[in-house]
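Asker: build me a structure from this.
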Amino acid sequence: MKHEAQPIPAGAVIRQGGRTCFHRLTNTTPVLIHVRSGNKVVVTRDTHLFLTAGEYGLLPDHQPMTMENIPRAPLNYEARVLPVPRPLFEEAYARLALITPPRTALPIKALELPAEAAGLFDFCCSSEEFAKLPSPVAAVRLIELITWFALSGAVLGTPGHPLLQNRLRQMIEAEPAHNWTLGHAARSFNMSEATLRRKLAAENTSFTETLSDTRMTRALALLQTTTLPIAHVAQEVGYDSPSQFSARFKERFGINPREVRGDLGTFERIGTEVEHIGGDGVPA
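Answerer: Below is the predicted model:
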């Protein structure tokens, strides 16, 4: 069975006390999201998705997106996110003759998701309960959830032309603290350093840029979904120096890591409720 090899995703809770906007965020895995308080705006390819409290949506993989999280006082912005491997979407759609995935993967809202589907979403985001399931059973539950989203209008688009930078990003994301080099990456792809450099340049990026962006995106997810100290987050993404990490983070996102959490005292208090982000951590 295809889905026996798929890892079980881990849901996460994002809480932010302040309004934030992040540009060019790229998920390596499609994400199902439920905004619980506040509003969320997602922009990609001139398409705007606006989610208010109580609404569900689907965020695609490998599409640079601008994401803005907007708290509504006195509440923080809060959302639950669930990364789901793309092969499970493809398996679900193969069973649905009436579903035709759009040619372009764009963020989309799930309209009028029934209570049964909402309950299933909560269950799949519950790390303690969901992790107890055998992997094949967990995959079936996720396929059911994907089907509910599809019946509510949220269908994942086709992936488009595969890019080498996406494969590189996925490799780095699995081990962001590793001492990655151009030579290491080239050997992993069975090509020379010059070929890897040339192919990435053809995609308007470089090894250094992709490495740094993948690490900072992972750091953002950790800041949004955990209460780890800044120094620990820095180490998780390969920085021994918190000050160097903070400088790089501000260069990438325009704000200091501490500012991501907005009202830090409030975040740390409620942050004890955060479950975990797991290996498929995604910003949302």
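Asker: mind listing what's buried in stretch 223-239?
Answerer: Neighbour-count burial for stretch 223-239 flags 223-228, 230, 233-239 (criterion: 16 or more other CB atoms under 10 Å). C-betas here are computed from N, CA, C, even on glycine.
Asker: could you redo those as JSON lines and give each row secondary structure?
Answerer: JSON lines is the format used below for those (DSSP: H, G, I helix; E, B strand; the rest coil):
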{"residue": "Leu223", "secondary structure": "helix"}
{"residue": "Gln224", "secondary structure": "helix"}
{"residue": "Thr225", "secondary structure": "helix"}
{"residue": "Thr226", "secondary structure": "coil"}
{"residue": "Thr227", "secondary structure": "coil"}
{"residue": "Leu228", "secondary structure": "coil"}
{"residue": "Ile230", "secondary structure": "helix"}
{"residue": "Val233", "secondary structure": "helix"}
{"residue": "Ala234", "secondary structure": "helix"}
{"residue": "Gln235", "secondary structure": "helix"}
{"residue": "Glu236", "secondary structure": "helix"}
{"residue": "Val237", "secondary structure": "coil"}
{"residue": "Gly238", "secondary structure": "coil"}
{"residue": "Tyr239", "secondary structure": "coil"}
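Asker: the residues you listed: which two are farthest apart?
Answerer: Maximum pairwise distance in these, criterion CB to CB, is 20.6 Å, between Thr227 and Gly238.
Asker: sorry, back to before: out of the buried residues of stretch 223-239, which is nearest to Val43?
Answerer: If you rank these by distance to Val43 using CB to CB, Gln224 comes first, at 18.4 Å.
Asker: grab the nearest non-local neighbour of the closest one.
Answerer: Leaving aside its chain neighbours, Gln224 sits nearest to Ile14 (4.6 Å; criterion: CB to CB, 6 or more residues apart in numbering).
Asker: now do the closest residue to Ile108 other than its chain neighbours, the pLDDT please.
Answerer: Spatial nearest neighbour of Ile108, chain neighbours left out: Ala154 (4.9 Å); criterion: CB to CB, 6+ apart. Note on Ala154: pLDDT of 96.
Asker: sec struct for Ala154, please.
Answerer: Three-state assignment for Ala154 (three-state DSSP): coil.
Asker: quick one: residues contacting it.
Answerer: 56-58, 108-111 (CB atoms under 8 Å, 6 or more residues apart in numbering).
Asker: can we see that at 7 Å?
Answerer: Applying CB atoms under 7 Å, 6 or more residues apart in numbering, we find Ala154 in contact with 57-58, 108-110.
Asker: secondary structure and neighbour count added to the residues you listed, as JSON lines?
Answerer: Below are the contacts of Ala154 laid out as JSON lines (DSSP: H, G, I helix; E, B strand; the rest coil; neighbours: other CB atoms under 10 Å):
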{"residue": "Gly57", "secondary structure": "strand", "neighbour count": "23"}
{"residue": "Leu58", "secondary structure": "strand", "neighbour count": "26"}
{"residue": "Ile108", "secondary structure": "strand", "neighbour count": "21"}
{"residue": "Lys109", "secondary structure": "strand", "neighbour count": "19"}
{"residue": "Ala110", "secondary structure": "strand", "neighbour count": "24"}
